[in-house]
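# sequence-free structure coming up:
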């Protein structure tokens, strides 16, 4: 199996690696794992008061495709609204990176990670739930 | 249970049509090699199904069977017998590879007991506690710089793999398949962690 140029590019020069403080109220964190590879992926978004994703960071321990998928998603979500970000599909990621069928689960992981991050942010900012954390 | 299940699967020898056990390598009547029967991996290797297996016995059975199937013994046989002996060898190989690895053995046993855990499919897991723990430990391994630190982390990871195997054994013995399934998933992550620690340790040791 050979990786596409785009996967290699994201793998060798991953964008937006790092972390935000997960207790920051403007940050949503998604933590997901794929048992197929024993991968763990953390994807975080920093959201403006207007509900626009200003910045995104990720940390992934996994194969090249998992790293590339999360790196690509952090690029894609910047400037998007929460709802737009939550609509990113694994098929779009897989297509952009030309992932082979055995690596599709890596794009599923990235889709689930951004969805989880959006859900986490929404949960944090729900009115009346300010006491949580 | 094992004996009756094995006895129940009696088929006809392709050569002499006599009765032959599903797991038998050779017909006891005419001596012809048999194709691999539809038996589980444990039965194929003559072991009682369960997570706790005698690895020494597994090795003895496997290599004993493989010796009897060695291609040299079939040099003068018919093409059909050559083909059947190869199919037997392949089936035994698959059974052996599955059973000797605790993770594969646990996953196989869960499927065998009707409670499969999916370790290969596309799904993602939602187990925040496990993922948080694994994320922290993978970070610690990635950030370890000294040989002392990585040696300690690697030993810890190996110890956790063994501890998890003990818990899996206890869960199977208690008939708690939910717990066994959960722990098998955990073992998959722990095995990955231990592998990660080993390769980081090798890298640090080389760089010294």
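That came through, no problem. Please read all numbers here as calculations on a predicted model, not as lab measurements.

# Within range of chain B, give me the residues from chain A.
A:31-38, A:40, A:42, A:59, A:61, A:104-105, A:108-109, A:112 (CB under 8 Å from any CB of the partner chain). Any C-beta I mention is one placed from the backbone N, CA and C, and that applies to glycine too.

# Let's see which of those end up in strands.
A:31, A:32, A:33, A:34, A:40, A:42, A:59, A:61 (DSSP state E).

# Chain B - how does it break down into domains?
Domain segmentation of chain B under automatic domain parsing yields B:3-100, B:128-207.

# Contacts (any at all) between chain A and the shortest one?
By that I understand domain B:128-207. Yes. Residues of domain B:128-207 contacting chain A under CB under 8 Å from any CB: B:128, B:130-132, B:134-135, B:138-139, B:142, B:185, B:188-189, B:191-193, B:196.

# What does the pLDDT read for residue B:131?
The pLDDT attached to residue B:131 in the predicted structure is 91.

# Share the number of residues neighbouring it, please.
The tally of other residues near residue B:131 (other CB atoms under 10 Å in any protein chain shown) stands at 20.

# Who are the packing partners of the host helix or strand of it?
When secondary structure is defined using DSSP states H and E, the element that contains residue B:131 is helix B:128-143. The helices and strands touching helix B:128-143, judged by 3 or more CB pairs under 8 Å, 6 or more residues apart in numbering or on different chains; DSSP states H and E, are strand A:27-34, strand A:39-47, strand A:53-61, helix B:147-173, helix B:177-207.

# Tell me which of the ones you listed approaches residue B:106 most closely.
helix B:177-207 (4.4 Å; CB to CB).

# circling back to that earlier point, and the two most separated of the ones in strands among the residues of chain A next to chain B?
A:34 and A:59 (15.0 Å).

# So those two - more neighbours on which side?
Comparing residue A:34 with residue A:59 by neighbour count (other CB under 10 Å), the higher total belongs to residue A:34, at 24 against 21.

# ok, and the most crowded of the residues of domain B:128-207 next to chain A?
Tallying neighbours with other CB under 10 Å puts residue B:193 at the head of the residues of domain B:128-207 next to chain A, with 26 neighbours.

# now that one, nearest residue through space, not along the chain?
Closest residue to residue B:193 in three dimensions, ignoring its sequence neighbours and counting by CB to CB, 6 or more residues apart in numbering or on different chains: residue B:157, at 4.9 Å.

# Just the endpoints, please. Distance across stretch B:10-25?
Chord length of stretch B:10-25, first to last residue, is 13 Å (CA to CA, to the nearest Å).

# ditto for stretch A:30-42
6 Å.

# Centre of the chain to it, how far?
The chain centroid and the centroid of stretch A:30-42 are separated by 11 Å, computed with CA atoms, centre = their mean, to the nearest Å.

# Repeat that for stretch B:19-36.
When C-alpha coordinates are averaged (CA atoms, centre = their mean), stretch B:19-36 and its chain have centres 25 Å apart.

# Over to stretch A:102-109?
Offset of stretch A:102-109 from its chain centre (CA atoms, centre = their mean): 13 Å.

# ok, now stretch A:54-65?
What separates the centre of stretch A:54-65 from the centre of its chain is 6 Å, taken as CA atoms, centre = their mean.

# what do you get for stretch B:42-49?
Counting by CA atoms, centre = their mean, stretch B:42-49 is centred 12 Å from the centre of its parent chain.

# How about stretch B:15-30?
Counting by CA atoms, centre = their mean, stretch B:15-30 is centred 27 Å from the centre of its parent chain.

# Can you give me the buried ones in that stretch?
The neighbour-count check on stretch B:15-30 (16 or more other CB atoms under 10 Å in any protein chain shown) flags B:15, B:20, B:21, B:22, B:23, B:24, B:25, B:26, B:27 as buried.

# Give me the buried positions along stretch A:94-106.
Residues of stretch A:94-106 classed as buried under the neighbour-count rule (16+ other CB under 10 Å) are A:94, A:96, A:97, A:99, A:103, A:104, A:105, A:106.

# Show me the contact partners of that stretch.
Defining contact as CB atoms under 8 Å, 6 or more residues apart in numbering or on different chains, one finds that stretch A:94-106 is touched by A:1, A:4, A:6-7, A:10, A:34, A:36-37, A:39, A:62-63, A:65-66, A:68-69, A:72, A:90, A:93, A:107, B:121-124.

# how close does residue B:105 get to residue B:43?
Between residue B:105 and residue B:43 the distance is 14 Å, computed by CB to CB, to the nearest Å.
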